[in-house]
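[1] Here's a sequence, model it:
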Amino acid sequence: MNIRYFFILFFFYNLKEDLKNLIWIHENIAKGETIYRWADDDVLSYERVGGNGLIVGLNDHRFETKTVKVATQFGSFQWLHDYSGHGSDIQTDANGYAEITIAPNNYVAYSKASLNKNS
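    Residues are numbered from 1 along each chain as shown. Next comes the predicted model:
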């Protein structure tokens, strides 16, 4: 990324906290192979299967919130926390699937609820 563009996003668009949070997710949770779990005209969801695991959902629809049910490797009845801060905590179902809801033009990043973000 062009450093000038980064600083424009960071300061001018007031994305400092969002970018700091994405960097934390990248450095602490996003590990291992990427498996695509859902793709349609508006939503892309993928899972990073290394480390603690990570489910990401991206919604590029300008006006509609989207909900998709995706397979995960977290297992049955596991609590997941959205480390992006854009979604509520969720629980996987008996088959290990997670139903993720993504606001318009937004994203979520779910992993195990027990991770310590202050470490």
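
[2] How many residues are close by the closest residue in space to residue 64 that isn't next to it in sequence?
    Distances taken as CB to CB, 6 or more residues apart in numbering put residue 104 closest to residue 64, at 5.9 Å, once the chain neighbours are dropped. Backbone N, C-alpha and C define where each C-beta goes, glycine included. Applying other CB atoms under 10 Å, we find 13 residues neighbouring residue 104.

[3] Also the one 5 residues further on?
    For residue 109, the tally of surrounding residues (other CB under 10 Å) stands at 25.

[4] Check residue 108 too.
    23.

[5] How about the one 3 residues further on?
    The tally of other residues near residue 111 (other CB under 10 Å) stands at 22.

[6] same thing with residue 50?
    12.

[7] In contact with it, which residues?
    Neighbouring residues of residue 50 by CB atoms under 8 Å, 6 or more residues apart in numbering: 31, 32, 33.
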